[in-house]
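>>> Sequence and computational prediction follow.
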2 protein chains.
Amino acid sequence: MSSTIWSVDEHLEDILAAVSPLEPIELQLPDAQGCVLVEDITVQIALPPFDNSSMDGYAVRTSDVAGASEEFPAVLTVIGDVAAGSGGTLRVNPGEAARIMTGAPLPPGAEAVVPVEWTDGGTGGGPAATMRAASDAPEGASGEVRVHRPVEARAHVRARGSDVQAGDLALEAGTVLGPSQIGLLAAIGRATAKVRPRPRVVVLSTGSELVQPGEQLAAGQIYDSNSFALTAAARDAGAIAYRVGAVTDDAETLRATIEDQLIRADMIVTTGGVSVGAYDVVKEALSSVGGEDGTGGGVDFRKLAMQPGKPQGFGSIGPEHTPLLALPGNPVSSYVSFELFVRPAIRALMGLEDVHRPRTRALLVADKPLTSPSGKRQFLRGTYDKEAGTVTPVGGAGSHLVAALAHADALIVVPEETTEAEPGTEVDVVLLG
Amino acid sequence: MSSTIWSVDEHLEDILAAVSPLEPIELQLPDAQGCVLVEDITVQIALPPFDNSSMDGYAVRTSDVAGASEEFPAVLTVIGDVAAGSGGTLRVNPGEAARIMTGAPLPPGAEAVVPVEWTDGGTGGGPAATMRAASDAPEGASGEVRVHRPVEARAHVRARGSDVQAGDLALEAGTVLGPSQIGLLAAIGRATAKVRPRPRVVVLSTGSELVQPGEQLAAGQIYDSNSFALTAAARDAGAIAYRVGAVTDDAETLRATIEDQLIRADMIVTTGGVSVGAYDVVKEALSSVGGEDGTGGGVDFRKLAMQPGKPQGFGSIGPEHTPLLALPGNPVSSYVSFELFVRPAIRALMGLEDVHRPRTRALLVADKPLTSPSGKRQFLRGTYDKEAGTVTPVGGAGSHLVAALAHADALIVVPEETTEAEPGTEVDVVLLG
C-alpha cells in the first residue's frame, strides 16, 4: 500500500483504463433491451415489402371511378376480399373492385384504394361508416359496391420500400437498443442482435457486525444495508446484479466466497475492510486471490483525496482478471463511491459511450457556508430544484447520514481547493437521476 | 361504436379515471425496487444503535492523553481489541486503552478515540500509518501504545442516534424506492416493505399477415414488430411485461388467447383490428369477453382526433375487470398510442404520482412548414437538442415510418387548431427519455 494520496480523477481514470467492454454475444431481441449494438444493421428486405393499402376500402382502377359522386356513383362488381396476410390470387379487371383491408397487398390490376367511407360498403344504402364483419356478413365480399368519389392513382397505397429499402442502414453500431430500435429490428425480420451483454455484478458486504434486516440485533451489531443499496444501484446502472450479502471479517471465508462467486461475475464489488484497522480483511484477503497460475491477484488499495470515501481498492482477481472494486464500509461512503467509480465501470463494461451521470451547475441554497477540508474533493448530498436552478444540502457532511442520503437526488461537489462555499454561489452538481 | 370524435385528452382522462393503483403487497427489498411505498416507515431503532468509533485507533480516557505529544507520548496499557461486531466485554480504566476498529462500540470507561495515525500503533516506533493485521500480529491487541496527541471528549465517536432516532419518520408513503431508499430501509432493519407491485402487462399483436422475425416471409406477409416494441416499452415504463406475439385474425382464437392470458394480466394491450375493416377481430372479439356473470365486457372503440392513432379501444374484460387497451396495428401508430395512453396507465397502476413523460417547448428546425390536418392533434417524430433548445422532425408524417421512429427521441405535438407550424416557431415536445 502506497502512502501517496490519489485524486478522484486519477482513480477513476485508472479504473476506466482497466475496464474493457464485454465481448459481444448474439441475443434474442427481448434480451437485448438496453444493450449496445456492436454491428451495423442493414435492411435485408424493403419495408413495406409490397404495395399495400393504408385504408380499409376497395381496390379499384382509377378510370372506373373517374367522375363518381354520391348522386352518380360508380357501380363496380366486388370480386372478393383481400385481407391482410392474403397471398393474392385476385386480379382487378375493368368494372371490378376488390374489398381490401389495411395492410393487405394491392391486387394486380388495381391502381388505388377507395376508403370504405367513400362508398356504400356494398349495402346499396348511403355512405358506409364501416365494413360489415366478414364473419357476420360474408356477402360483403361479393355483389356490388357504389363508389361516391374518384381517386388518383396510388391514393391510399403505401409503396413497397417507402419506409426502408433493402441495403439501407437501419441501425448503427453503438446504438442502445430501446423499444423503438427493437421494434425496427423486428420489423426488418431480425430475431436477434449482436450486442454487449449486461455485466453480471456480484455485490458483497463485509463486516462481522452486520446482521440481515429483519433479524434481531445483538450488542455491537448493525444491519447490513450496503449489499442491498449497491445491488439495487448496480441494477439501476444496467447490470445483472447478484447480492451475496454480508461476509464475516475472516480472510479465508472472504477469499473462499469471492472465489466461489467468480464464476458468475463480470465485476465484483465489496464494501468494508479497506482501511487501516487490524481486521480489514478485504485488504488482507485480496492480495492473494488469483488463478492457479498466480495471475490476477492485483488489487491496489489507495487513499483518495475525497470525502467521504477516502480508502478505496481497485484491481482484478482470478484467472479471468475480473475487475474488483473494494469500497469503504460506511453506507454513505460506499454509495458515493459507487456513484463515482462503480457506475461508470458498469457502463464501460456495457460499451456505453457516456458512462457518467449528468452534471450541472446550480446556485447553493444554505443557511451558512459549506465548509470542506482543503485538498479534498467533498461530495455532499443535496436536493436539486430544476425550475429554480438551485441545490440545497440535506443532512451534514458526516459520512454516516444514510437517512439524509435517501432524501437526496444530487451530489454537491466542493472542489479540492475550496474550503468554503458561500450560499448563493454556483456549485457543481451530479444529478443522481 | 359511436361516430363521435374524441379528443386525445378526453380519451386519456377516461383511461386514467378507470385505472386504479394495484393493491399493495409486502415485498422483499430487492423485489420492491422501483415500486411506490404505501406506508409511512418509522424508525424502530436509533442509528447508529450505539456509540461507536469513526476511526481505526485506540479508545481512551481523555485525561490520560492530555498534553501528549510525539516527544512526550502518553503510554497506555492495551487491554485488548474491540472489533466491529464485538459484544463488548472490555472496560477502559485509567492508564488503559482498547484498540478499536471503525464501527466498533465505544467500550465503557473510554471517552474518545485516538486515530492509529496519532500513535505508534503499539510498535514502539514512530507514528503508525496503519494497524498490523490481527492475524499476522496478534500481539497488537496487548502491550503498550504511545499516544502522540491529546483528544477531546467524544472525538471520533459517532453518537447513538446521530443519524436517526427511534420514532423518526424514515420514508413517507408515496416514496419511490430507489437504491438509497432501499439502503435506508435495510439500515433500519426492514427486510420488506409494503408497496404497489409492478403491473403485469400482457402484449399481443393481431393480424394474419404477421410472421415472427427470423422466419421467411410469404407473399402479403410482414414481420410482427409491435409485440416486441410494446413489450419493451411496457418494461421500460416499469411493468413486468409478457409478450404473447401475433394472433391470427380470428375472433374465436383471439378471445380464447385473451381469456387464457387474463390469469397473469393486470392490463392487456393489443395491436391491430380496431378499425373499420371486415376482419378487425379485436373489435369483434372484445365485445363479448367477460366473466361467467357477464361482467367486464365493456371495451369501447373510438375514433380520436389525432394522427397517427385515430382508432382506439379501451375498456375492461374478464371477471376482474382487467383494463384493456386496443391500439391500432400500424407500428408507428401503436407506438405513439402506447406513449400517450398505455404508459400513463401503467404508471397509474404503479401508484406513481407523475404518470407522464416530461414535456418541453423547443424551436422547430425544418426546411419547410410542418403541415397538419385541422382538428387533429398530430404527433411527429423528432430529435431534441437540449443544448440548442431545438427539435428537428425525422421522417415524414406517414404513420408507417418505423425506421424514422427508431431515430427519434421526442414527439413533436402539433395542436388541433394548427395546420401549419413554421420553422423557427416554438412547439410542444414530448421527451421520450
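Thanks, I have the structure now. Numbers count the residues shown, from 1 in each chain, chains lettered A, B, ... in the order given.
>>> going forward, measure contacts between C-alpha atoms and count neighbours the same way
Noted.
>>> pLDDT at A:Val289, what is it?
pLDDT for A:Val289: 50.
>>> what does the stretch 1-150 of chain A have sitting close to chain B?
With C-alpha under 8 Å from any C-alpha of the partner chain as the criterion, the stretch 1-150 of chain A comes near chain B at residues A:29-30, A:33, A:48-50, A:56-57, A:83-88, A:101-102, A:104-105, A:129-134.
>>> Now with 7 Å, please.
Proximity of the stretch 1-150 of chain A to chain B, by C-alpha under 7 Å from any C-alpha of the partner chain, involves residues A:30, A:33, A:56, A:84-87, A:101, A:104-105, A:130-134.
>>> Which one (most neighbours) among the residues you listed?
Counting neighbours by other C-alpha atoms under 10 Å in any protein chain shown, A:Met101 leads those with 32 neighbours.
>>> wait, doesn't it sit right on A:Gly85?
No - judged on C-alpha atoms under 7 Å, A:Met101 makes no contact with A:Gly85 at a distance of 9.7 Å.
>>> coming back round to it: what is the nearest of the residues of the stretch 1-150 of chain A next to chain B to chain B?
Comparing the residues of the stretch 1-150 of chain A next to chain B against chain B with C-alpha to the nearest C-alpha places A:Gly85 closest, at 3.3 Å.
>>> residues near the nearest residue to the closest one once chain neighbours are set aside, how many?
Nearest residue to A:Gly85, sequence neighbours excluded (C-alpha to C-alpha, 6 or more residues apart in numbering or on different chains): B:Glu209, at 3.3 Å. Neighbourhood size, B:Glu209 [other C-alpha under 10 Å]: 24.
>>> Could you list which residues are in contact with B:Glu209?
For B:Glu209, the contact set (C-alpha atoms under 7 Å, 6 or more residues apart in numbering or on different chains) comprises A:84-85, B:220-222.
>>> if I look at it, how far off is A:Ser86?
Going from B:Glu209 to A:Ser86 by C-alpha to C-alpha, to the nearest Å gives 7 Å.
>>> can you check A:Ala408 too?
Separation of A:Ala408 from A:Ser86 (C-alpha to C-alpha): 58 Å.
>>> likewise A:Ser316?
Per C-alpha to C-alpha, A:Ser316 is found 59 Å from A:Ser86.
>>> tally of neighbours for A:Trp424?
Heads up, residue A:424 is Gly, not Trp. Around A:Gly424 there are 14 other residues, counting by other C-alpha under 10 Å.
>>> elements contacting the helix or strand of chain A with the lowest mean pLDDT?
Of all helical and strand segments in chain A, the minimum by mean pLDDT, DSSP states H and E falls on helix A:402-405, at a mean of 84. Counting contacts by 3 or more C-alpha pairs under 7 Å, 6 or more residues apart in numbering or on different chains; DSSP states H and E, helix A:402-405 packs against helix B:179-187.
>>> Which parts of the stretch 151-300 of chain A are helices?
A:179-187, A:226-236, A:251-261, A:281-286 (DSSP state H, counting those that start in this stretch).
>>> For those helices, please prepare TSV with the additional fields distance to B:Lys194.
TSV is the format used below for the helices of the stretch 151-300 of chain A (distance: least, C-alpha to C-alpha, whole Å):
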stretch	distance to B:Lys194
helix A:179-187	30
helix A:226-236	17
helix A:251-261	31
helix A:281-286	35
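>>> Export those helices to JSON lines and append columns for mean neighbour count, mean pLDDT and distance to A:Glu71.
Listed next are the helices of the stretch 151-300 of chain A as JSON lines, based on neighbours: other C-alpha atoms under 10 Å in any protein chain shown; pLDDT from 0 to 100; distance: least, C-alpha to C-alpha, whole Å:
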{"stretch": "helix A:179-187", "mean neighbour count": "27", "mean pLDDT": "96", "distance to A:Glu71": "43"}
{"stretch": "helix A:226-236", "mean neighbour count": "27", "mean pLDDT": "98", "distance to A:Glu71": "65"}
{"stretch": "helix A:251-261", "mean neighbour count": "17", "mean pLDDT": "94", "distance to A:Glu71": "80"}
{"stretch": "helix A:281-286", "mean neighbour count": "23", "mean pLDDT": "88", "distance to A:Glu71": "90"}
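>>> I'd like those as JSON lines, with distance to chain B appended.
Putting the helices of the stretch 151-300 of chain A into JSON lines (distance: least, C-alpha to the nearest C-alpha, whole Å) gives the following:
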{"stretch": "helix A:179-187", "distance to chain B": "4"}
{"stretch": "helix A:226-236", "distance to chain B": "4"}
{"stretch": "helix A:251-261", "distance to chain B": "9"}
{"stretch": "helix A:281-286", "distance to chain B": "8"}
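>>> which stretch among those helices comes nearest B:Val413?
Proximity to B:Val413 (C-alpha to C-alpha) singles out helix A:179-187 among those, at 18.5 Å.
>>> gap between the closest one and the chain center?
Here helix A:179-187 is found 14 Å from its chain centre; the criterion is C-alpha atoms, centre = their mean, to the nearest Å.
>>> circling back: sort out which one of the contacts of B:Glu209 lies nearest A:Ala348 for me.
Closest to A:Ala348 out of those is B:Ile222 (36.8 Å), distances taken as C-alpha to C-alpha.
>>> Return the distance of A:Ile412 relative to A:Val429.
Distance, A:Ile412 to A:Val429, by C-alpha to C-alpha: 5 Å.
>>> In terms of helix, strand or coil, where does A:Leu380 fall?
Of the three states, A:Leu380 takes strand under DSSP: H, G, I helix; E, B strand; the rest coil.
>>> With adjacent residues omitted, what lies nearest to it?
For A:Leu380, ignoring the flanking residues on the chain, the nearest one in space by C-alpha to C-alpha, 6+ apart is A:Ile412 at 4.9 Å.
>>> Hmm, that neighbour is touching A:Arg381, no?
Yes - applying C-alpha under 7 Å as the test, A:Ile412 and A:Arg381 come out as touching, 6.1 Å apart.
>>> quick one: which of those two has more around it?
Between A:Ile412 and A:Arg381, counting by other C-alpha under 10 Å, A:Arg381 is the more crowded of the two (29 against 26).
>>> In contact with the more buried one, which residues?
By C-alpha under 7 Å, 6+ apart, the contact list for A:Arg381 reads A:393-394, A:405, A:408, A:410-412.
>>> Kindly recompute the last result at 6 Å.
Residues near A:Arg381 by C-alpha atoms under 6 Å, 6 or more residues apart in numbering or on different chains: A:393-394, A:408, A:411.
>>> Pick out the most distant pair among those.
By the measure C-alpha to C-alpha, A:Val394 and A:Leu411 form the most distant pair in those, at 9.9 Å.
>>> what touches both of these two?
Common neighbours of A:Val394 and A:Leu411, counting by C-alpha under 6 Å, 6+ apart, are A:381-382.
>>> And those two? Which one has more around it.
A:Leu411 (26 against 21).
>>> Spell out the secondary structure type for that one.
When the rule is three-state DSSP, A:Leu411 gets the label strand.
>>> Over to A:Ser334?
Classified using three-state DSSP, A:Ser334 is helix.
>>> Show the model's pLDDT score for it.
Listed pLDDT for A:Ser334 reads 96.
>>> Next: A:Thr89.
The predicted local confidence for A:Thr89 is 83.
>>> would you turn the contacts of A:Arg381 into TSV with distance to B:Thr231 and secondary structure?
Shown next, in TSV, are these (distance: C-alpha to C-alpha, whole Å; DSSP: H, G, I helix; E, B strand; the rest coil):
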residue	distance to B:Thr231	secondary structure
A:Pro393	39	strand
A:Val394	38	coil
A:Ala408	32	coil
A:Leu411	34	strand
